[in-house]
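Participant: Here you go, sequence then predicted model.
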Amino acid sequence: MGLLCETGRWITGMSKNVSIMISGGLDSYIMDRYATVNGFNSTLIYVNLGHPYVESEKKAIKIAGFDAIEINMEALYPAIEKRLSNQIIPSRNMLFAVVGSMFNPRVWLGALDGEQHGKEHDKSRRFFDDASSLLSYTNEFFQAETIIETPFSHLTKAGTIEWALSTGGISKEDLLRTSSCYSGHETPCGVCLTCYKRWAAFLLNDIVETGHEANPWESDYAKEMAQEIPKAHKAGDHSRFTPSRIDEWFDVREKMKTLGIS
């Protein structure tokens, strides 16, 4: 199986040693299995930024049995918290890229189809190109080339779950034990955007994730999507939402109707 990086190039002939920046979440859990299936030698790295959901992530990493290197930067989040919106940490993926490139010439970050056009530009095609170019230059003494990439640029979150279940040999129970919520609560909040995205992706794979503090499909983020995606679809505007993401949103609505969720 080939590896499609964010630039759309097929990477061949490079080192099979890769740094996987993990969080204990769904994407990083599946990335680790994807590396194994494709014959990569992975170094798992967890960066503790002091964010509210650190303990939830660490618990999920432990449950997964990951032997991860922890980089402790726990003073960062409290120092910049007042600047943040929706708990989005500025340049987070750039920081992860730098740290990961210190270990291996390849670094994998979790960025999916449908996320490249988001407000956080460190998941964009330009980011992966520019980060690779810059770190190839700065790390030239240590390695001939540095590639920052995502193996899942061609897959949505629902698509990664489908791959995990059909090809990756990962069980539904293993996937549900991962942690994606931004709240840091023992129980997923159902309010943050990651709770909704995860719930919707599971639903498209005929898995109804339960146990949220609030219904993800009633969250402010879900309501925003219910306004913005139909408008983008009607206008044929893919500047924010890719065609696959738009299609999946309508598929989720149909699944909800079938299950009587409103």
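Facilitator: On my side now, so go ahead.
Participant: And the helices in the stretch 51-200 of the chain?
Facilitator: Listed from the start of the chain, the stretch 51-200 of the chain has helices (DSSP state H, counting those that start in this stretch) covering 54-64, 76-80, 92-101, 125-138, 157-166, 172-176, 193-203.
Participant: Tell me which of these sits most buried.
Facilitator: Looking across the helices of the stretch 51-200 of the chain with neighbours counted as mean count of other C-beta atoms under 10 Å, the highest average goes to helix 193-203: a mean of 23. For glycine as for every other residue, the C-beta is placed from the backbone atoms N, C-alpha and C.
Participant: just how off-centre is that helix within its chain?
Facilitator: Counting by C-alpha atoms, centre = their mean, to the nearest Å, helix 193-203 is centred 12 Å from the centre of its parent chain.
Participant: after it, next one along is what?
Facilitator: Stepping forward along the backbone from helix 193-203, the first helix or strand reached (DSSP states H and E) is helix 220-235.
Participant: any chance of the helices of the stretch 51-200 of the chain in CSV, plus mean pLDDT and distance to residue 242?
Facilitator: As requested, the helices of the stretch 51-200 of the chain are exported to CSV (pLDDT from 0 to 100; distance: least, C-beta to C-beta, whole Å):
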stretch, mean pLDDT, distance to residue 242
helix 54-64, 89, 27
helix 76-80, 93, 30
helix 92-101, 96, 19
helix 125-138, 95, 12
helix 157-166, 95, 12
helix 172-176, 93, 23
helix 193-203, 95, 14
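Participant: out of those, which comes closest to residue 47?
Facilitator: Of all the helices of the stretch 51-200 of the chain, it is helix 92-101 that lies closest to residue 47, at 6.1 Å by C-beta to C-beta.
Participant: what comes into contact with the closest one?
Facilitator: Under the criterion C-beta atoms under 8 Å, 6 or more residues apart in numbering, residues 19-21, 45, 47, 49, 71, 107-109, 111, 120, 122-123, 127, 131, 135, 139, 146, 148 lie in contact with helix 92-101.
Participant: Of the residues you listed, grab the buried ones for ChimeraX.
Facilitator: Those of the contacts of helix 92-101 that count as buried under 16 or more other C-beta atoms under 10 Å are selected in ChimeraX with:
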select :19,20,21,45,47,49,71,107,108,109,111,120,122,123,127,131,135,139,146,148
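Participant: hmm, back to that, any idea which of the helices of the stretch 51-200 of the chain gets closest to residue 226?
Facilitator: With C-beta to C-beta as the criterion, residue 226 lies closest to helix 193-203 of those, at 10.7 Å.
Participant: so of the contacts of helix 92-101, which ones are in strands?
Facilitator: Using DSSP state E, 19-21, 45, 47, 71, 107-108, 148 are the members of the contacts of helix 92-101 that sit in strands.
Participant: Tell me which two in those are the farthest apart.
Facilitator: Based on C-beta to C-beta, the longest span within the ones in strands among the contacts of helix 92-101 runs between 71 and 148 and measures 16.6 Å.
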